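Participant: Let's see this in three dimensions:
(4 chains)
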Amino acid sequence: MRVAVQSAPFDPGAETSAFTAGVAGAGAVVTFTGLVRDQGGSLSAMEIEHYPGMTEKAIAGIVGQAMQRWSLADALVIHRFGRLSSGEAIMMVATAAPHRGDAFAAAEFLMDYLKSRAPFWKKEIGADGEDWVAAKDADEAALKRW
Amino acid sequence: MRVAVQSAPFDPGAETSAFTAGVAGAGAVVTFTGLVRDQGGSLSAMEIEHYPGMTEKAIAGIVGQAMQRWSLADALVIHRFGRLSSGEAIMMVATAAPHRGDAFAAAEFLMDYLKSRAPFWKKEIGADGEDWVAAKDADEAALKRW
Amino acid sequence: MIDVLYFAWVRERIGLPRERVETSAATVAGLIDELRAREDRYAAAFADLSALRVALDQDLSSFDAPLAGVREVAFFPPMTGG
Amino acid sequence: MIDVLYFAWVRERIGLPRERVETSAATVAGLIDELRAREDRYAAAFADLSALRVALDQDLSSFDAPLAGVREVAFFPPMTGG
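Facilitator: Next up is the predicted model:
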């Protein structure tokens, strides 16, 4: 497994290639990539703050739970912080498993937990000013299904 | 949306890059890649037969259902036929949506339907001979959740 | 005349991928009865219909479906794509 | 002495990312009461605890947790990663 918390951009395609090459024979690979939405052109950038130290620890814990819970060959989490432009990749997860059900479930689990349990905070910067993204009740509720 | 049924190999990373670049601003991209499993070294190759004409029609119908059912910005299906070696990519789906829930659900729906409703048949070729892969009851049952 | 296609182990058991068939059968089941009566390899391929699927003009269908107007019938085992 | 960290709008409202705090509070809630009493900007940041989360030594915790042995306390809004 690999966890990367970084300000540098990353290429979801290149990461998918590298991850897939490393698990050849696993049968199923699922990836999720989160992109900065342009929201109809009103969003010009996103600023992501995080809690260095706790971030890595929290993500490693979440990935560890997923590896215990599902039969995974490998897992990957990349999450950026700092300033991102519209359309840029914010983060990605990848999971590899013998069977597709495990790969899908683990990827969704990772996303649900990264949303609400990893210490990142997003601020949207638009033409009319900037605003911290509010946590959604639905994101907290999503944790209950696991 | 794009559907490709082909004997030529494809690069899941390059396809992920191209797909993601085309939906910048969508927020969420999910990909699934199916690989030929090596099954502990006993499998040397896989032969995939399909029904030209019906295959394209069936996949277009499945993708059309997904586009109607979820709020998707785009969808992609690539499926190979012919002879594949261990570790090679058999197929992939990609979905893009404003929100992750739709992207995940649509990708799982596409996989469940491609498994049991697109006219492909896999034959495993190993050291001890060759055998048609049997359809699993679980794959048919998976359709019931949609 | 109707085109009849066979895939996967159905094709292997019958020994050919497609053929033109002269039939007066009203339904898929009637066509299967005619094919079974031809030779052992057909009888073997169609021995267990629960292991077979049928498509009419490239749409999945059922064994009791009528053949009127159909140009292409395909027989194959349950699909294993993905 | 304890390190107190603030993130996102909590940091902006209080006006600094971290500070060393001398406290005799037994719990997180006790520390919050001391901070609130300092200045309006602290009172404003801690006005609605339901909008806040707390981590003790980089693990999520709760407002009634004891502070004994804790070196680092962090206050922040609900997380919005992913």
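Participant: List the buried residues in the helix or strand harbouring A:V77.
Facilitator: Using DSSP states H and E, A:V77 sits in strand A:74-80. Neighbour counts over strand A:74-80 (16 or more other C-beta atoms under 10 Å in any protein chain shown) mark A:D74, A:A75, A:L76, A:V77, A:I78, A:H79, A:R80 as buried. For the C-beta atoms, the positions are set from N, CA and C on the backbone; glycine is no exception.
Participant: ok, now stretch A:94-112?
Facilitator: Here stretch A:94-112 shows A:94-98, A:100-112 as buried, counting by 16+ other C-beta under 10 Å.
Participant: Among those residues, which lie within strands?
Facilitator: Under the assignment DSSP state E, the buried residues of stretch A:94-112 contribute A:A94, A:T95, A:A96, A:A97 to strands.
Participant: Dump those to a markdown table, plus pLDDT and distance to C:G15.
Facilitator: Listed next are those as a markdown table, based on pLDDT from 0 to 100; distance: C-beta to C-beta, whole Å:
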| residue | pLDDT | distance to C:G15 |
| --- | --- | --- |
| A:A94 | 98 | 45 |
| A:T95 | 98 | 44 |
| A:A96 | 98 | 40 |
| A:A97 | 97 | 39 |
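Participant: what's the closest non-adjacent residue to the residue in chain A sticking out farthest from the centre?
Facilitator: Largest separation from the mean C-alpha position in chain A: A:D128, at 27.7 Å (C-alpha atoms, centre = their mean). Excluding its sequence neighbours, the residue lying closest to A:D128 (C-beta to C-beta, 6 or more residues apart in numbering or on different chains) is A:S42, at 7.5 Å.
Participant: which residues touch the one you found?
Facilitator: Residues near A:S42 by C-beta atoms under 8 Å, 6 or more residues apart in numbering or on different chains: A:G126, A:A127, A:D128.
Participant: For the spatially closest residue to A:I78 that is not a sequence neighbour, give me its contacts.
Facilitator: Spatial nearest neighbour of A:I78, excluding adjacent residues (C-beta to C-beta, 6+ apart): A:A4 at 4.6 Å. Shown in contact with A:A4 (C-beta under 8 Å, 6+ apart): A:F10, A:V77, A:I78, A:H79.
Participant: Pretty sure A:A4 sits in a strand.
Facilitator: Yes. Looking at A:A4 with DSSP: H, G, I helix; E, B strand; the rest coil, it is inside a strand.
Participant: closest point of chain C to chain A, which residue?
Facilitator: Going by C-beta to the nearest C-beta, chain A is nearest to C:G82 of chain C, at 7.5 Å.
Participant: Quick check: the gap between the closest residue in space to that residue that isn't next to it in sequence and B:F109.
Facilitator: Closest residue to C:G82 apart from its sequence neighbours, by C-beta to C-beta, 6+ apart: B:K115 at 3.8 Å. Shown here: B:K115 relative to B:F109, a distance of 11 Å by C-beta to C-beta, to the nearest Å.
Participant: Same check on A:A134?
Facilitator: Counting by C-beta to C-beta, the gap from A:A134 to B:F109 is 30 Å.
Participant: Can you report phi and psi for C:S24?
Facilitator: phi -120, psi 10 (degrees, to the nearest 10).
Participant: do C:E19 as well
Facilitator: phi -160, psi 160.
Participant: Can you show me the strands along chain C?
Facilitator: With DSSP E, the ranges of strands along chain C come out as C:2-6, C:18-21, C:53-56, C:59-61, C:72-76.
Participant: tally of neighbours for A:T16?
Facilitator: 27 (other C-beta atoms under 10 Å in any protein chain shown).
Participant: Quick check: which element contains the spatially closest residue to A:Y113 that is not a sequence neighbour?
Facilitator: Of all residues not flanking A:Y113 in the chain, A:I62 sits nearest, at 4.4 Å (C-beta to C-beta, 6+ apart). A:I62 belongs to helix A:54-69 when assigned by DSSP H and E.
Participant: tell me the angle of the lengthiest helix in chain A relative to helix A:54-69?
Facilitator: If you go by DSSP state H, chain A has its longest helix at helix A:100-117. In terms of direction (axes from the mean of the first three to the mean of the last three C-alpha atoms, to 10 degrees), helix A:100-117 departs from helix A:54-69 by 150 degrees.
Participant: circling back to that earlier point, the residue of chain C closest to chain A contacts B:G34, correct?
Facilitator: Yes. Here C:G82 reaches B:G34: they are 5.9 Å apart, a contact under C-beta atoms under 8 Å.
Participant: between the two, what contacts are shared?
Facilitator: The contact sets of C:G82 and B:G34 overlap at A:R100, B:I90, B:M91 (C-beta under 8 Å, 6+ apart).
Participant: Those residues: which ones sit near chain C?
Facilitator: Intersecting these with the contacts of chain C gives A:R100, B:I90, B:M91 (criterion: C-beta under 8 Å from any C-beta of the partner chain).
Participant: List just the nearest of these to D:P78.
Facilitator: Among those, A:R100 lies closest to D:P78 (C-beta to C-beta), at 32.1 Å.
Participant: Spell out which parts of chain A neighbour chain B.
Facilitator: Residues of chain A lying near chain B (C-beta under 8 Å from any C-beta): A:11-18, A:20, A:23-39, A:86-87, A:89, A:98, A:100, A:103-104, A:107-108, A:111.
Participant: now the residues you listed: which count as buried?
Facilitator: Members of the residues of chain A next to chain B classed as buried by 16+ other C-beta under 10 Å are A:12-13, A:15-17, A:20, A:23-38, A:86, A:89, A:98, A:100, A:103-104, A:107-108, A:111.
Participant: circling back to that earlier point, report the angle between the strand holding A:V77 and helix A:54-69.
Facilitator: 160 degrees.
Participant: In terms of secondary structure, what does strand A:74-80 contact?
Facilitator: Strand A:74-80 sits against strand A:2-6, helix A:12-22, helix A:54-69, strand A:89-97, helix A:100-117, with contacts defined as 3 or more C-beta pairs under 8 Å, 6 or more residues apart in numbering or on different chains; DSSP states H and E.
Participant: So what are the sheet partners of the first one and their directions?
Facilitator: Right, the one you point to is strand A:2-6. Note on strand A:2-6: by DSSP bridges, its sheet partners are strand A:74-80 (parallel).
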